[in-house]
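> fold the following, please.
(one chain, ligands or ions: 2)
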Amino acid sequence: MAASSSKLLSSPSFRGIGRERIAASASNLRPSPSLLVRGRERVSLSGQLGIGSSILRHGNPRTLASSQVRASLEAKPTVLVAEKLGEAGLELLRSFANVDCSYNLTQEELCTKISLCDALIVRSGTKVTREVFESSRGRLRVVGRAGVGIDNVDLSAATEHGCLVVNAPNANTVAAAEHGIALVAAMARNIAQADASMKSGKWQRNKYVGVSLVGKTLAVLGFGKVGTEVARRAKGLGMNVIAHDPYAPADRARAIGVELVTFDEAISRADFISLHMPLTPATSKILNDETFAKMKKGTRIVNVARGGVIDEEALLRALDTGIVAQAALDVFTEEPPPKDSKLVQHENVIVTPHLGASTAEAQEGVAIEIAEAVVGALKGELASTAVNAPMVPAEILSELAPFVVLAEKLGRLAVQLVAGGSGVKSVKVTYASARAPDDLDTRVLRAMITKGLIEPISNVFVNLVNADFTAKQRGLRITEERILLDGSPESPLEFIQVQIANVESKFASAISEAGEIKVEGRVKDGIPHLTKVGSFEVDVSLEGSLILCRQVDQPGMIGRVGSILGEENVNVSFMSVGRIAPRKHAVMAIGVDEEPNKETLKKIGEIPAVEEFVFLNL
Ligand SMILES: NC(=O)c1ccc[n+]([C@@H]2O[C@H](COP(=O)([O-])OP(=O)(O)OC[C@H]3O[C@@H](n4cnc5c(N)ncnc54)[C@H](O)[C@@H]3O)[C@@H](O)[C@H]2O)c1
Ligand SMILES: O=C(O)[C@H](O)COP(=O)(O)O
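Numbers count the residues shown, from 1 in each chain. Ligands and ions are numbered 1, 2, ... in the order given. Modelled structure (predicted):
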């Protein structure tokens with residue numbers, strides 16, 4: 001690019017920046033995916049967070065076989081439904097996407113198909129492994145888990161690949177709780193065994209004498225949604241309910257007459273134990289030889305959570321020694337369990353094949369809940385059930401929308417001002433606001449600044465999901481600072497400032513007194529504006545592209561640059577001059593709708609008063 005005029009190159013901060021480098025950095029820039037607020041018309045929040053639907057915007061071009069495929073994919077995203085989903089959910093999905101219902105895929109088939117899909121919906125039967133994310137080659141944007149447990153989804157791999165994971169945590173709560181209670185009662189009264197005995201022609205009234213529930217102590221381990229509903233129902237059966245959950249609020253327990261106790265107290269006081277925690281490294285095999293030894297002889301255990309929370313070998317031993325009188329299991333470490341599983345065959349164990357969520361009502365509800373979450377995520381909205389991204393309420397997101405755009409553009413601008421080879425390592429972001437720090441959630445803004453900083457200089461796709469991870473991986477340290485302003489906190493933010501430390505700039509004037517590249521922006525009438533470059537105050541709306549030009553302040557400069565651009569049919573959208581003092585240095589910021597060609601930029605550089613200039617893609 002002709003931008004590197006001799007004057008420009010003679011500036012100390014431009015040493016080592018050849019023409020090619022500037023040209024390359026400009027041409028490598030991908031169009032901003034977040035140009036959703038155009039002019040004064042706010043189109044939507046769609047895609048601003050980088051999770052949007054368009055494969056052309058976000059996907060990996062390698063996955064596009066032909067222009068027709070590209071066109072059809074652009075029109076509608078593709079959702080792979082890998083396990084049975086209720087019809088209402090499928091209908092909702094079909095109204096927005098191409099829906100491929102392919103059940104019982106092998107891992108290999110799933111990996112093959114996934115590169116053609118924007119979203120994947122699974123239940124607990126599909127393992128969404130790192131290999132699946134890798135095989136998607138950047139196309140998979142959303143994994144929807146039609147249910148609660150996300151232990152079958154590799155969340156780290158999803159996050160690293162910028163893939164949002166959403167679940168449907170509410171619709172099957174009652175079904176799971178009812179199944180838990182059904183198992184408690186069935187186990188206590190030997191329903192399954194007696195039924196099997198009768199069906200084999202026997203009448204064994206003495207063998208199947210059960211135990212009563214009333215007055216017995218039930219320990220609920222995991223007092224979340226299902227645990228709470230189980231507790232409520234067990235109270236109705238006259239049981240004395242205690243619970244253990246390190247994260248549950250005591251007042252919620254108190255409100256339904258449940259005592260929160262320590263883990264050891266829960267398991268040692270219980271006649272019945274019902275498990276309702278997620279499977280995590282901390283809960284894996286939480287019931288084991290050591291913990292069984294602390295239980296009363298004859299304890300009864302129900303598991304509708306996850307098989308892995310019980311050491312199944314240890315449970316077998318506890319059943320054989322009588323510490324555990326009976327167990328009722330809906331879930332298993334390996335599903336389905338081996339046919340010859342001693343646990344499944346044990347006469348004091350009753351089993352169901354992971355049926356906790358399997359009621360008609362729950363499945364219809366889950367299908368709608370997950371379809372809505374997936375469609376919303378594909379549209380770029382942040383789902384309230386996001387598992388691996390900050391959950392930001394819709395109203396806050398909508399208020400932050402123009403600042404989200406501003407944040408990304410400031411990041412893009414700042415990084416393009418860095419001289420090649422400088423290596424961006426340390427970025428400081430300052431938010432000036434009249435709002436109390438607790439009232440300003442900056443996670444989305446930080447993610448978008450990160451996106452702006454990283455995308456122009458790499459092939460990495462950054463979004464709200466993987467922003468922090470990507471920054472860390474690249475050794476990019478982003479620190480945040482707040483300036484608390486006086487006045488009315490009507491607007492969430494007054495300005496955002498992005499400073500890059502320890503780098504040289506290809507536009508020396510962008511370096512502040514503190515020696516850092518500094519850009520500052522504000523939102524005016526809903527439109528993001530650049531308001532400061534280095535120590536120079538400017539005012540240019542952040543749309544299209546930008547030419548920054550330092551000159552000796554003198555009359556006629558605006559006209560001269562304007563007419564060069566006009567001659568080449570480049571439309572100027574905005575112009576602003578910031579100067580330190582009259583007739584000294586000034587920085588002119590010129591917003592242009594089209595990218596000027598090299599010759600045009602060269603002509604600007606050749607204006608005698610121009611000391612340096614740079615062309616930046618927003
Ligand atoms: N069998 C089924 O079909 C079925 C259906 C629905 C849910 N589930 C499973 O049931 C479990 C609970 O589901 P939910 O919807 O109630 O989830 P939830 O997130 O509402 O509740 C889980 C609770 O476990 C608690 N917890 C976390 N670690 C703990 C620990 N170390 N000790 C004790 N408590 C701990 C959490 O604080 C939380 O309150 C999950 O594992 C879910 O996958 C199974
Ligand atoms: O975590 C859940 O939601 C349940 O285990 C239900 O799983 P499912 O969708 O495979 O029935």
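> most centrally placed residue in this protein?
In the chain, the C-alpha nearest the mean C-alpha coordinate belongs to Ala389, at 2.8 Å (C-alpha atoms, centre = their mean).
> that one and ligand 2, how far apart?
20 Å (C-beta to the nearest ligand atom, to the nearest Å). Glycine gets a C-beta too; all of them are placed from N, C-alpha and C.
> that residue - that's part of a strand, no?
No. Inclusion of Ala389 in a strand is not indicated when DSSP: H, G, I helix; E, B strand; the rest coil is applied; the result is coil.
> so who does whatever residue of the stretch 301-450 of the chain ends up closest to ligand 2 touch?
Residue of the stretch 301-450 of the chain nearest ligand 2, by C-beta to the nearest ligand atom: Ala357 (3.6 Å). Applying C-beta atoms under 8 Å, 6 or more residues apart in numbering to Ala357 gives the contacts Arg123, Gly147, Val148, Asn172, Ala175, Ala176, Gln363, Val366.
> can you tell me the SS state at it?
coil.
> measure it to ligand 1 for me?
The gap separating Ala357 from ligand 1 is 4 Å, by C-beta to the nearest ligand atom.
> please name the nearest non-neighbouring residue to that residue.
Distance criterion C-beta to C-beta, 6 or more residues apart in numbering; nearest residue to Ala357, sequence neighbours excluded, is Asn172 at 3.7 Å.
> quick check, the one you found in contact with Leu355.
No. Asn172 lies out of contact with Leu355 (C-beta atoms under 8 Å); the separation is 10.9 Å.
> the more surrounded of the two?
Per other C-beta atoms under 10 Å, whichever of Asn172 and Leu355 has more neighbours is Asn172, with 25 against 16.
> helix or strand for the residue nearest to His346 when sequence neighbours are not counted, just tell me which one.
Of all residues not flanking His346 in the chain, Leu319 sits nearest, at 5.8 Å (C-beta to C-beta, 6+ apart). Remark: Leu319 resides in helix 312-321, with elements defined by DSSP states H and E.
> ok, and what's touching that helix?
The contact list for helix 312-321, computed with C-beta under 8 Å, 6+ apart, reads 285, 287-289, 292, 295, 301, 324, 326-327, 332-333, 342-343, 346, 348-349.
> give the buried residues for it.
If you call a residue buried by 16 or more other C-beta atoms under 10 Å, then helix 312-321 has these buried ones: Glu312, Ala314, Leu315, Leu316, Ala318, Leu319.
> how far does that helix sit from its chain's centre?
The chain centroid and the centroid of helix 312-321 are separated by 40 Å under C-alpha atoms, centre = their mean, to the nearest Å.
> shouldn't Leu530 be within a strand?
Yes. Per three-state DSSP, Leu530 lies within a strand segment.
> burial of it, as a residue count?
Leu530: 26 surrounding residues under other C-beta under 10 Å.
> so which of the contacts of Ala357 sit within strands?
For those, not one is inside strands, with DSSP state E as the criterion.
> in helices only, show me those.
Ala175, Ala176, Gln363, Val366 (DSSP state H).
> and the residue of the chain found nearest ligand 2, what's its pLDDT?
As assessed by C-beta to the nearest ligand atom, ligand 2 sits closest to Gly147 within the chain, at 2.6 Å. On pLDDT, Gly147 comes in at 97.
> how close does it get to Pro169?
Separation of Gly147 from Pro169 (C-beta to C-beta, to the nearest Å): 8 Å.
> ok, now Val460?
30 Å.
> spatially nearest residue to Cys117 (excluding sequence neighbours)?
For Cys117, ignoring the flanking residues on the chain, the nearest one in space by C-beta to C-beta, 6+ apart is Leu80 at 4.3 Å.
> do Ile449 as well
Nearest residue to Ile449 in three dimensions, chain neighbours excluded: Gly411, at 4.1 Å (C-beta to C-beta, 6+ apart).
> got the contact list for the closest residue to Asn571 other than its chain neighbours?
Ranked by C-beta to C-beta, 6+ apart and with sequence neighbours excluded, the top spatial neighbour of Asn571 is Asp593, at 4.2 Å. Asp593 is in contact with Gly544, Ser545, Val570, Asn571, Val572, Ser573, counting by C-beta under 8 Å, 6+ apart.
> closest one of the residues you listed to ligand 1?
Of those, the one sitting nearest to ligand 1 (C-beta to the nearest ligand atom) turns out to be Gly544, at 46.5 Å.
> where does the stretch 451-600 of the chain have low pLDDT?
579-583 (pLDDT under 70).
> what count of nearby residues applies to whichever residue of the stretch 251-400 of the chain sits closest to ligand 1?
Nearest residue of the stretch 251-400 of the chain to ligand 1: Gly356, at 2.4 Å (C-beta to the nearest ligand atom). When counting by other C-beta under 10 Å, one arrives at 27 neighbours for Gly356.
> element containing Ile301, please.
Assigned by DSSP H and E, Ile301 falls in strand 299-303.
> counting contacts, what elements does that strand pack onto?
helix 173-188, strand 272-275, strand 324-329 (3 or more C-beta pairs under 8 Å, 6 or more residues apart in numbering; DSSP states H and E).
> please name the nearest non-neighbouring residue to the residue of the stretch 451-600 of the chain found nearest ligand 1.
Nearest to ligand 1 in the stretch 451-600 of the chain, going by C-beta to the nearest ligand atom, is Val465, at a distance of 20.4 Å. Spatial nearest neighbour of Val465, chain neighbours left out: Ala389 (4.7 Å); criterion: C-beta to C-beta, 6+ apart.
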